[in-house]
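# Prediction below, plus the sequence it came from.
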Amino acid sequence: MTEQQLADLLRKAYDSAPYRKKHAFVVLFGVTHAEELKAHSIASICERSGIGKWGPQVAMGVQLAEYVSLK
């Protein structure tokens, strides 16, 4: 997956988040796309997505992916 494709998916996750749940959805994006994100710059993906400086939250999701599973 390209950085732009990941950025588009991140923007979609951010925009679809319910009120006061954006943080959770950004972390969840990191969990669900952890393998793809390891090959790219998270900061660049966040910049391309236009959501601001959410890189640490995406990175947290990537780290958590090793320990959690989705319902």
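Cool, the structure landed.
# just the helices in the protein please.
Secondary structure of the chain (DSSP state H): helices located at 3-16, 22-32, 34-37, 42-49, 55-64.
# out of those helices, nearest to residue 70?
helix 22-32 (6.8 Å; Cβ to Cβ). Quick note: C-beta positions are derived from backbone N, CA and C, even for glycine.
# Kindly calculate the angle that the closest one makes with helix 42-49.
Angle, helix 22-32 to helix 42-49, by axes from the mean of the first three to the mean of the last three Cα atoms, to 10 degrees: 120 degrees.
# what comes up buried for helix 22-32?
Going by neighbour count (16 or more other Cβ atoms under 10 Å), the buried part of helix 22-32 is 22, 25, 26, 27, 28, 29, 30, 31.
# Spit out the contact partners of the last one.
Read it as residue 31. 61, 62, 64, 65, 68, 70 (Cβ atoms under 8 Å, 6 or more residues apart in numbering).
# mind redoing it with 10 Å?
37, 58, 60-70 (Cβ atoms under 10 Å, 6 or more residues apart in numbering).
# Now residue 60: closest residue in space, sequence neighbours ignored.
residue 27 (5.6 Å; Cβ to Cβ, 6 or more residues apart in numbering).
# What separation do you get for that neighbour and residue 2?
Using Cβ to Cβ, to the nearest Å, we find residue 27 at a distance of 22 Å from residue 2.
# Look up phi and psi at residue 38.
Backbone torsions of residue 38, given as degrees, to the nearest 10, read phi -60, psi -20.
# isn't it right up against residue 62?
Yes. Between residue 38 and residue 62 there is a contact under Cβ atoms under 10 Å: 6.8 Å.
# Looking at those two, which one has more neighbours?
Remark: of residue 38 and residue 62, residue 62 carries more neighbours, 19 against 10, as counted by other Cβ atoms under 10 Å.
# show me the contacts for the more buried one.
By Cβ under 10 Å, 6+ apart, the contact set of residue 62 is 27, 29, 30, 31, 33, 34, 35, 36, 37, 38, 42.
# coming back round to it: what residues do residue 38 and residue 62 have in common as contacts?
Counting by Cβ under 10 Å, 6+ apart, nothing touches both residue 38 and residue 62.
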